[in-house]
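# my questions are about this predicted structure, shown below with the sequence.
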Amino acid sequence: MGPLARAKEPFRFCTQTHIPELTGLKANNLQELLDHIKTVPGSVIYHHTHHFLQQHQYLSPEPPNDFAYWITGILGEEVLGEALFSIDTIQYTTIRELRNEIIRTIDNYVEKHPKSLQKFATTGEDFHFVKSVSFVFQTPYIVSDLKEFQAALQRVTLESIYFHMFEARLRIGIGTNDFSNWLEHSLSENKLANKIASLDPYTHTMENLRFALVKLIEKRIVELSLEEFPVRVTLQNH
Amino acid sequence: MPKITEYESIVGPNTLEELKLLAGKLQGKLIQNINSTAVGGGVAEILNRMVPLLQELGVDARWDFIKGGEDFFNVTKKFHNALHGKQEEITPQMFETFMETSLRNIDEVKTYGDVVFIHDPQPVVLIKKKASIPDSKWIWRCHIDVSTPHKQVWNFLTPFVHQYDAAVFSAPNFSQPLPIRQFLIPPSIDPLSDKNRELPQETVDAVLEKYHIPKDKPIITQISRFDYLKDPIGVIEAYRLVKKRIDCQLIIAGGTAADDPESTRVFAETKEAAGNDVDIHILPIPSGSDIEINALQRASTVIVQKSLREGFGLTITEALWKAKPVVASGTGGIPLQIRHKYSGLLCHSVAGAAFSIKQLLNSTEYAKKLGENGREHIKQNFLLTRHLKDYMLLFLCMYHPEDIVYL
């Protein structure tokens, strides 16, 4: 197999770590929860829909939505909990859109089930609003072709994959994940970029997600070598 | 004491690299910790580990103390209990005593940190010295569960707290409406300490032998001091419900303090509730017997923490770290550690605790899976290395007001 195409711009893996910041805001029932969801900073919505992924990255797919968890477990509103758990987060490219969908889901439910507003959490089981402060920093991994990319993906921390797949897409607001962005713009690997962008990372554990990414890239490398092979045969015949 | 590099085999090289990187970003910043004592109590225990490890990572961390007489510490003990939500009679004289000593400390304690990190209420008044160090950042670290504080004491403290740049609490429900930034830093355990390190089977067996605990039946254990809030009688009631269906034994082990009449009373009542059941072992464990606690936890089939009220619940952290299946009340910081049916089982009553214990004793594979998940959760979130990282991020936050910080 000949050398793989080199990227116009190399890709530098970053990673992130975070510290939770308390807002002092809490909710005791659905109305209070909804009111705060409407007004808290985007970093709060981000925290309650993503921190579970980071804290429980070893668990099998679990909907990373604290609002749903609290509504189901504490208020006992399982139908609403399920509706929130089922929100297809990957559809939304901004926190604002995701927040609106959460609000719409709760509003619809409350309209149909007004009695749900009469349920209260017992003492000590209030919902506490927390936000994430993220610290982003560079790792030593810099790659310029698919092989290097695949090798680095196998080595970087899960936090690094998390950063490029989740945080960059939704929080930093480039609209897609960093990997797809680089593959498309620096390597013209549009098809591979789309495949990665259409993965639903929210239904993978982080380790499975790493595996899925590596497999997709591996497959593409094999395809490229096969594409190259008939060309060589043709050249020899002439 | 273990060196920072000794943690690598547990948390992996990436975690240590990250700690070093963060430490590098704190170059040139002097971090001054101030609390009330060098020995005794959880805060001193934490600082005894944190300060040397920060220094090893290259952070200029120091540790100083305030001074106070018996009167002052009697008052702060009352404040501590009152902030925990315990009924205490607080008199104006107590506030005077507190302020007298605090003002003396303002004169006598040298403050020099770029970041001054004040632990708990005893030194809180030192904030009055903030103006004497230009550009200094002051953080108040509250190690107490102030979710339902005694109003009078909390109202007395808040004008001081408001002058800090930030406050730190151990659980989300401890936070209060404050005009300053508040951070969440849960406590942690040291995986290399005597209480948590791996033990050879012979050590575990020797401890069981010492306390005449046979190994022929499953062991249910609650480790906690003898305190009504830990509900030891409720644990015995739950055990009796389990015992109807499964032959098992119960250990309730923990410290009693000679100077605490309540713990002596609770111990006596627990003994009485146990009656002459030879399968119930009520063990007063002297303080400092960390290896014994470790061994009892490791020998257990199921660990219970049926507290009526709990701070963070470090005994649960310890049990989960040992990959033990845990049944615990969903109170205080416990839900941060246990996600029901993933990393343990939460209960809300004696009957609920008994049911969960039976499930775990009868379904060993399920119990094993919960224990494994629990250990992984602790590894990711509640070890000393995460605590170190959080402290460094907290210090960095003092210089970065934004939500996404590019280092």
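Great, that's in hand. Computed from a predicted structure; not experimentally measured. Numbering: from 1, shown residues only, chains lettered A, B, ... in the order given.

# burial count for A:A152?
The local packing of A:A152 (other Cβ atoms under 10 Å in any protein chain shown) involves 18 other residues. The C-beta positions use only the backbone N, C-alpha and C, and glycine is treated the same way.

# read off the pLDDT value for it.
At A:A152, the model reports a pLDDT of 96.

# surely it and A:S144 touch.
No. Between A:A152 and A:S144 there is no contact under Cβ atoms under 8 Å: 10.5 Å.

# measure B:E88 to chain A for me?
20 Å (Cβ to the nearest Cβ, to the nearest Å).

# for chain A, just list every one of the helices.
Taking DSSP state H as the test, the helices found in chain A are A:30-39, A:42-55, A:66-73, A:78-85, A:95-112, A:146-155, A:158-162, A:178-187, A:190-197, A:206-237.

# try the stretch 151-300 of chain B
B:151-161, B:201-210, B:232-243, B:261-274, B:290-299 (DSSP state H, counting those that start in this stretch).

# rank these by pLDDT, which is bottom?
helix B:261-274 (a mean of 90).

# buried residues in that one?
B:263, B:266-267, B:270, B:273-274 (16 or more other Cβ atoms under 10 Å in any protein chain shown).

# likewise stretch A:129-148?
Quick answer for stretch A:129-148 (16+ other Cβ under 10 Å): A:129-137, A:139, A:141, A:143-146, A:148.

# and if you look at stretch B:335-348?
Quick answer for stretch B:335-348 (16+ other Cβ under 10 Å): B:335-340, B:342-347.

# got the residues of chain A near chain B?
Residues of chain A that fall close to chain B, judged by Cβ under 8 Å from any Cβ of the partner chain: A:15, A:17-24, A:26, A:41, A:43, A:55-59, A:62, A:73, A:124-126, A:128, A:130-137, A:157, A:171-172.

# quick check: domain ranges of chain B?
Following automatic domain parsing, chain B resolves into domains at B:4-188+B:383-397, B:201-381.

# now render the ones you listed as a markdown table, adding distance to A:K112.
Below are the domains of chain B laid out as a markdown table (distance: least, Cβ to Cβ, whole Å):
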| stretch | distance to A:K112 |
| --- | --- |
| domain B:4-188+B:383-397 | 30 |
| domain B:201-381 | 28 |
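
# quick check: which ranges of chain A have low pLDDT?
Counting by pLDDT under 70, the ranges of chain A that qualify are A:1-2, A:54-63, A:229-238.

# could you chop chain A up by domain?
If you go by automatic domain parsing, chain A breaks into A:16-131, A:141-237.

# right, and the helices of chain A - which one's nearest B:K129?
helix A:42-55 (32.6 Å; Cβ to Cβ).

# pick out the residue of chain A closest to chain B.
Among all residues of chain A, A:H128 sits closest to chain B, at 3.5 Å; criterion: Cβ to the nearest Cβ.

# can you name the residues that contact the residue nearest to that residue when sequence neighbours are not counted?
The spatial neighbour of A:H128 that comes closest, neighbours along the chain excluded (Cβ to Cβ, 6 or more residues apart in numbering or on different chains), is B:P172 at 3.5 Å. Residues in contact with B:P172 (Cβ atoms under 8 Å, 6 or more residues apart in numbering or on different chains) are A:22, A:128, A:130, B:184, B:336.

# ok, now how distant is B:P172 from B:F355?
Separation of B:P172 from B:F355 (Cβ to Cβ, to the nearest Å) stands at 28 Å.

# rewinding a little: tell me which of the buried residues of stretch B:335-348 is nearest to chain A?
Nearest to chain A among the buried residues of stretch B:335-348, with distances taken as Cβ to the nearest Cβ, is B:Y342, at 6.2 Å.

# so which residues of the stretch 51-200 of chain B form strands?
All strands of the stretch 51-200 of chain B, identified by DSSP state E, counting those that start in this stretch, fall at B:60-65, B:115-119, B:137-141, B:166-169, B:181-184.

# who in the stretch 1-150 of chain B is up against chain A?
B:14, B:18, B:21-22, B:147.

# how about 6 Å then?
B:N14 (Cβ under 6 Å from any Cβ of the partner chain).

# just to revisit the earlier point, B:F95: which of the domains of chain A is closest?
Proximity to B:F95 (Cβ to Cβ) singles out domain A:16-131 among those, at 25.3 Å.

# next, the distance between the ends of that closest one.
Using Cα to Cα, to the nearest Å, the end-to-end distance of domain A:16-131 comes to 15 Å.
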